[in-house]
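Engineer: Coordinates only, no sequence provided:
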């Protein structure tokens, strides 16, 4: 969905430079090449280049450089704080500035309101350009992401969010003066990629599909329990779940989910397909009878707002 936004900006005539804080993924690189500019990576900035740009940024404005470093040291922007962690965050801000300095950019946009927005803030100040933030879901609702959120939003030249629900939440956090710089732009899809499936009789056994990361807010525990109830009532069906676990932070949930799957004896009805290329996901949308996404509010406050997989399913199954 971020790639769709980048492609739309690119198609509108803007010159786009994409920088990623995650290591490159071959399948995603191939998709990005098809819809817009390929990405640069913060991890690709070697120590020699980083030292050179540290010197450049320092001698360009020593007071600004020191002020930004003190800002990182003294502000709570993350649940975990240490001097080494602060140095890493500051280094990423410099690395972002280094990658963008010679690209002729005049604005930095962060597609998330988490630490990506902090990197954008730091780089924008170092380069003397504006920056904006896009606030979506977990990045403004997860309790552990609330540290420093107001400052990341309040310092931005403008903020974009995808629903009026989020807009109300952001206004409550930042206050009325922020309202004129907050814009609601609803999520969309590239309709040429989504040819609706023909309405036909339901298949037998019934084919159900869920596309979701294997994390608590997607409500997959409830999906498994519902499938067990359907099986006990004698219904014949298959349920496929596309999506993988998310980092080490949510591995306990993933283990509990797979344990419940085994305990409910659903191995012959419910299938975890893992992460799949987007074209394969589109195929699965077209093959299914019913799309399911039982989202909940997780204990850490994370929640779905307008899930992209739901919008995609509506575009194909309407």
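Structural biologist: Yep, it's here. Quick caveat: nothing in here was measured; it's all calculated off a predicted structure.

Engineer: quick one: average confidence on the host helix or strand of residue 49?
Structural biologist: In this structure, residue 49 sits in helix 47-60 according to DSSP states H and E. For helix 47-60, mean pLDDT is 90.

Engineer: what's the spacing between it and its chain's center?
Structural biologist: 30 Å (C-alpha atoms, centre = their mean, to the nearest Å).

Engineer: ok, then the element right after that helix?
Structural biologist: Next helix or strand after helix 47-60 toward the C-terminus (DSSP H and E): helix 62-74.

Engineer: residue nearest the centroid of the protein?
Structural biologist: residue 112 (6.6 Å; C-alpha atoms, centre = their mean).

Engineer: longest single helix anywhere in this protein?
Structural biologist: Using DSSP state H, we find that the single longest helix of the chain is helix 83-101.

Engineer: Which elements pack onto the helix or strand that it is followed by?
Structural biologist: Beyond helix 83-101 on the C-terminal side, the first helix or strand identified by DSSP H and E is strand 107-110. Judged by 3 or more C-beta pairs under 8 Å, 6 or more residues apart in numbering; DSSP states H and E, the packing partners of strand 107-110 are helix 115-127, strand 130-135. No exception for glycine: its C-beta is placed from N, CA and C like everyone else's.

Engineer: and residue 310, which of the ones you listed is closest to it?
Structural biologist: For the helices and strands packed on strand 107-110, the distance to residue 310 is smallest for strand 130-135, at 18.7 Å, taking C-beta to C-beta.

Engineer: Paired strands for that closest one, with orientation please.
Structural biologist: Sheet pairing for strand 130-135, assigned by DSSP bridges, gives strand 107-110 (parallel), strand 158-161 (parallel).

Engineer: possible to save these as CSV with distance to residue 93 and mean neighbour count?
Structural biologist: As requested, these are arranged in CSV below (distance: least, C-beta to C-beta, whole Å; neighbours: other C-beta atoms under 10 Å):
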stretch, distance to residue 93, mean neighbour count
strand 107-110, 10, 22
strand 158-161, 19, 22
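
Engineer: Now that we have these, can you turn them into a markdown table and tack on distance to residue 275 and mean pLDDT?
Structural biologist: Shown next, in a markdown table, are the strands paired with strand 130-135 (distance: least, C-beta to C-beta, whole Å; pLDDT from 0 to 100):
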| stretch | distance to residue 275 | mean pLDDT |
| --- | --- | --- |
| strand 107-110 | 24 | 96 |
| strand 158-161 | 27 | 95 |
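
Engineer: buried sites along the helix holding residue 49?
Structural biologist: Using 16 or more other C-beta atoms under 10 Å as the test for burial, helix 47-60 gives 53-54, 57-58.

Engineer: Reformat the strands paired with strand 130-135 as TSV; add distance to residue 167.
Structural biologist: Formatted as TSV, the strands paired with strand 130-135 follow (distance: least, C-beta to C-beta, whole Å):
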stretch	distance to residue 167
strand 107-110	18
strand 158-161	6
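
Engineer: of all those, which lies closest to residue 218?
Structural biologist: strand 158-161 (20.8 Å).

Engineer: that older thread, which positions in the longest helix of the chain come out as buried?
Structural biologist: Counting neighbours by 16+ other C-beta under 10 Å, helix 83-101 gives 86, 89-100 as buried.

Engineer: Just flag the most distant two among those.
Structural biologist: 86 and 100 (21.7 Å).

Engineer: tell me the average confidence for stretch 125-135?
Structural biologist: pLDDT averaged over stretch 125-135 gives 95.

Engineer: Outside of that stretch itself, list whatever touches it.
Structural biologist: 57, 60, 64-65, 68, 93-94, 97, 100-101, 105-113, 117, 120-121, 123-124, 152-153, 156-161, 166, 170 (C-beta atoms under 8 Å, 6 or more residues apart in numbering).

Engineer: what about that stretch, start to end distance?
Structural biologist: 20 Å (C-alpha to C-alpha, to the nearest Å).

Engineer: Find out how far it is from the centre of the chain, if you would.
Structural biologist: 19 Å.

Engineer: ok, now stretch 81-98?
Structural biologist: 21 Å.

Engineer: what do you get for stretch 166-173?
Structural biologist: 19 Å.

Engineer: in what helix or strand does residue 209 lie?
Structural biologist: strand 206-211.

Engineer: For that strand, enumerate its sheet partners and note whether each is parallel or antiparallel.
Structural biologist: strand 237-242 (parallel), strand 290-291 (parallel).
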